[in-house]
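Chemist: below are the sequence and a predicted model for it; my questions follow.
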Amino acid sequence: MGKRNINQMIETDIERYKKHTDIYENKKKVQIIYLDLTTDDFYKEYSTESLLKNEVYEFIEDTYDVFVTNEKKFKLVIEYPTDMEEAERRKIEYLLSVHYAVKLDEIKKDIRHEIAVGTILFIIGLLILIPAIIISRKLEILGRVMEIISWAFIWEAALRFFLETTANYRERIKYKELYMMAHDYHDEQKRIRKN
């Protein structure tokens with residue numbers, strides 16, 4: 001089975017999946033994430049209706065993960081229970097925006113932390129490497145051991161800079177798009193309420 005066949009099979013399976021979910025594209029090639037809040041209680045227990053269940057966010061994020069492509073935008077559509085008051089709808093819109101704002105802020109802190117730790121590890125590695133090179137002229141075994149230790153620090157710094165930070169940047173892009181999607185939905189609903 002060639003690479004082309006596998007890629008075609010993957011695309012076919014994803015298209016089938018799209019047809020059997022509540023995700024669809026509108027004419028402007030915008031992916032619609034359809035969130036149905038009519039079927040279940042969507043507040044976390046013990047939160048006095050101030051937090052949404054994790055399942056709501058997981059659905060949105062899982063949908064984003066499956067259908068994200070560089071050229072497509074996402075739009076949120078929420079179906080509320082018919083008897084829900086307008087104030088509660090606004091609260092849910094606000095909770096979605098705030099959740100993704102908090103996630104975005106956490107990711108930014110994680111990125112800064114990884115860069116700081118990576119920098120410190122790199123400096124420690126260099127501070128061990130320079131004396132190791134000098135010592136290895138007189139005490140070869142000790143110098144080599146110190147070199148290995150320094151390279152371990154430098155390697156860990158490189159992992160943090162390139163792997164951890166890159167993964168965090170991808171998460172940051174994801175949460176930024178989800179935040180903007182939730183915020184756009186909130187703004188759109190405000191305009192509808194004014195009219």
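Modeler: Great, that's in hand.
Chemist: for whatever helix or strand Asp184 lives in, name the packing helices and strands.
Modeler: Using DSSP states H and E, Asp184 maps to helix 165-194. For helix 165-194, the packing partners by 3 or more CB pairs under 8 Å, 6 or more residues apart in numbering; DSSP states H and E come out as helix 54-67, strand 73-79, helix 86-135. Bear in mind the C-beta positions are built from the backbone N, C-alpha and C, glycine included.
Chemist: now do that helix, average pLDDT.
Modeler: Average pLDDT, helix 165-194: 83.
Chemist: and for Cys33, the neighbour number?
Modeler: Let me fix one detail, which is that residue 33 is Ile and not Cys. 23 (other CB atoms under 10 Å).
Chemist: pLDDT wise, what is it at?
Modeler: We note a pLDDT of 80 for Ile33 in this prediction.
Chemist: identify the bridge partners of it.
Modeler: Beta-bridge partners of Ile33, counted by DSSP bridges, are Ile23, Leu76.
Chemist: surely Leu52 touches Tyr100?
Modeler: No - when contacts are counted by CB atoms under 8 Å, Leu52 is not listed as touching Tyr100 (11.5 Å).
Chemist: those two: which is more packed in?
Modeler: Tyr100 (23 against 19).
Chemist: residues near the closest residue to the more buried one other than its chain neighbours, how many?
Modeler: Distances taken as CB to CB, 6 or more residues apart in numbering place Tyr179 nearest to Tyr100, at 3.7 Å, with adjacent residues excluded. When counting by other CB under 10 Å, one arrives at 20 neighbours for Tyr179.
Chemist: from Tyr57, how far out is the one residue sitting closest to the centre of the chain?
Modeler: The centroid of the chain falls nearest to Glu171 when counting by CA atoms, centre = their mean (2.9 Å). Separation of Glu171 from Tyr57 (CB to CB, to the nearest Å): 14 Å.
Chemist: where does Ser47 fall, phi/psi-wise?
Modeler: With angles defined as degrees, to the nearest 10, Ser47 sits at phi -100, psi 0.
Chemist: was I right to think Lys75 contacts Tyr34?
Modeler: No - contact criterion CB under 8 Å: Lys75 and Tyr34 do not qualify, at 9.6 Å.
Chemist: could you pull up the residues touching Ala152?
Modeler: By CB atoms under 8 Å, 6 or more residues apart in numbering, the residues touching Ala152 are Gly125.
Chemist: now do the phi/psi pair for Asp36.
Modeler: Here is the backbone geometry of Asp36 (degrees, to the nearest 10): phi -100, psi 110.
Chemist: leaving out sequence neighbours, find the closest residue to it.
Modeler: Closest residue to Asp36 apart from its sequence neighbours, by CB to CB, 6+ apart: Glu79 at 4.9 Å.
Chemist: low-confidence ranges, this protein, go.
Modeler: Scanning the chain for pLDDT under 70 picks out 1-4, 14-29, 68-72.
Chemist: try 90
Modeler: The model of the chain has pLDDT under 90 over residues 1-100, 132-143, 160-195.
Chemist: perfect, that will be all.
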